[in-house]
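> coords please:
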Amino acid sequence: MQSVITQLSHSLDDIQAFIEQGGPIIWAVFATCLLLWLCIIDRYWFYKLSFPQLAKGIIADWQTRTDHQSWRAYKIREGLISEVRIRLHTRLSLIKTLIILCPLLGLLGTVTGMIKVFEVIAVNGTSDAQSMAQGVYLATIPTMAGLVVALSGYYFSVRLTQIADNKTSILADKLMLL
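I've put the predicted structure just below:
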């Protein structure tokens, strides 16, 4: 038990050091990451728990109709499928926007870090390569953080889009068979 607490303490210290090295932009990347993952979890929650009841209700409503073959029935079916598609794709554009935003925030952190490096060089007049390398290293941390968040989010964004399209198609097929 003590070793687990010690490992957790070291991990928290490492995270704190990473945030301090990355500068204030890391907090913006973190907030974007948090919002991104809340949206991703919300979509999975909806797909697994809420959507099955929604689909059952739509299918039950469609089954109670006597007319399934007329032009009007076809348009009602299209409207139902369109509403489902909208509900399934809710927040996916926000997720994609947050994914695009993460590397841009990281780049902003890198640029501000580089400005600080050049400012120190201009003020102190030093040409110490080791100090410059350390400054560049610290400046690139926000970009790395933004890219890691974006890459992990991109996988789930593609997967969520596939799930939404698949569920829409399955429901459309079920309404067609009735």
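> which SSE is residue 103 in?
helix 92-124 (DSSP states H and E).
> Then residue 159?
According to DSSP H and E, residue 159 maps onto helix 129-177.
> Same question for residue 41.
helix 25-45.
> Spatially, what comes nearest to residue 89 if we skip its sequence neighbours?
Of all residues not flanking residue 89 in the chain, residue 164 sits nearest, at 5.2 Å (Cβ to Cβ, 6 or more residues apart in numbering). All C-beta spots, glycine's among them, are computed from the backbone N, C-alpha and C.
> Looks like that neighbour contacts residue 95 (just checking).
No - using Cβ atoms under 8 Å, residue 164 is not in contact with residue 95; the gap is 11.2 Å.
> Overlap in contacts, the two.
residue 43 (Cβ atoms under 8 Å, 6 or more residues apart in numbering).
> what's near enough to touch the residue most central in space within the chain?
The centroid of the chain falls nearest to residue 36 when counting by Cα atoms, centre = their mean (3.6 Å). Counting by Cβ under 8 Å, 6+ apart, residue 36 touches 95, 98, 99, 102, 149, 153.
> Let me have these in TSV, extended by pLDDT and neighbour count.
Formatted as TSV, the contacts of residue 36 follow (pLDDT from 0 to 100; neighbours: other Cβ atoms under 10 Å):
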residue	pLDDT	neighbour count
95	97	23
98	97	23
99	97	21
102	95	26
149	95	24
153	96	22
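> Out of these, which comes closest to residue 176?
Residue 176 has its nearest neighbour among the contacts of residue 36 in residue 95, at 29.7 Å by Cβ to Cβ.
> can you tell me how far that closest one sits from residue 166?
Distance, residue 95 to residue 166, by Cβ to Cβ, to the nearest Å: 17 Å.
> Was I right to think residue 161 contacts residue 92?
Yes - Residue 161 is within contact range of residue 92, at 6.0 Å (criterion: Cβ under 8 Å).
> tell me, how many neighbours does residue 37 end up with?
16 (other Cβ atoms under 10 Å).
> show me the contacts for it.
The contact partners of residue 37, taken as Cβ under 8 Å, 6+ apart, are residue 153.
> I appreciate the help and will end here.
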